[in-house]
Every structure is written in C-alpha cells, then in structure tokens.
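> With the input below, show me the fold.
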Amino acid sequence: MAKRYCLKEGDHVAIAATARKVSPQEMEPAIKLLQHWGLEVVIPEGLYAEDHQMAGTDSHRAAVLQRLIDDTDIKKILASIESRII
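Below you'll find the model as predicted:
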C-alpha cells in the first residue's frame, strides 16, 4: 500500500488538465496560492493545449500525465477541474 506524503515547503507539485481545457488566467489564483504555501509549481508543457473543449487530444493528455507521473521530483499531481485544482 502506498504511504501518504504530506507536502512541505519547497516540494514540487504539478497541475494536469486531464479533461476540460484551462487558460493561464483561470489557473493563476490556484498557482499563486500554491506558491504562497511555499510549493514549487510545475506547469507542464501543454497544460494550456486545446482541442475543442478539451485540454488537447486524448493521447496528448495521457502523455502529459505520464510525463508528470514519471518525474520523481514531483511529489503531487493536482488535476484541474472546471478552472479549479483538486
């Protein structure tokens, strides 16, 4: 079973748009809050991709998420949901 990891100042967190597209303006408040908490926010290449209402094609979103999963420096991956992160 995977152990829970509590974030601490300086940890890297990434934001992934796994469904609906997002804009830099929509993500700015969340990014600033995470930075205020002392976290290093990773904005993956392609976060702001668009394919109709989606954040890029299915294969694009899967590839971005897989790159984030493979990055051992990233402690948490946060999903954007309707302009928010969870």
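> Convert the host helix or strand of residue 32 to CSV, retaining C-alpha atoms only.
Using DSSP states H and E, the element containing residue 32 is helix 24-36. This file holds the C-alpha atoms of helix 24-36, laid out as CSV (Å, rounded to 0.1, in the frame of the first residue of the first chain):
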residue,chain,number,x,y,z
PRO,A,24,-3.5,30.8,-17.7
GLN,A,25,-5.9,33.3,-16.3
GLU,A,26,-8.1,30.5,-14.8
MET,A,27,-5.1,28.8,-13.2
GLU,A,28,-3.4,31.9,-11.9
PRO,A,29,-5.2,32.1,-8.5
ALA,A,30,-4.5,28.5,-7.7
ILE,A,31,-0.9,28.7,-8.8
LYS,A,32,-0.4,31.8,-6.6
LEU,A,33,-2.0,30.1,-3.6
LEU,A,34,0.3,27.0,-4.0
GLN,A,35,3.3,29.3,-4.3
HIS,A,36,2.2,31.2,-1.2
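> going forward can the numbers begin at 17, since that is how I track them
All right, first residue 17 from here; so that's helix 40-52.
> what's near enough to touch the residue nearest the centre of the chain?
Taking C-alpha atoms, centre = their mean, the centroid of the chain lies closest to residue 31, which sits 0.8 Å from it. Residues in contact with residue 31, defined by C-beta atoms under 8 Å, 6 or more residues apart in numbering, are 43, 46-47, 57-60, 63, 93-96, 101. (C-beta placed from N, C-alpha, C; glycine too.)
> Need the nearest residue in space to it, chain neighbours excluded.
Nearest in space to residue 31, with sequence neighbours left out and distances taken as C-beta to C-beta, 6 or more residues apart in numbering, is residue 94 at 5.2 Å.
> and the strand or helix carrying that neighbour, which residues are buried?
Assigned by DSSP H and E, residue 94 belongs to strand 90-97. Neighbour counts over strand 90-97 (16 or more other C-beta atoms under 10 Å) mark 90, 91, 93, 94, 96 as buried.
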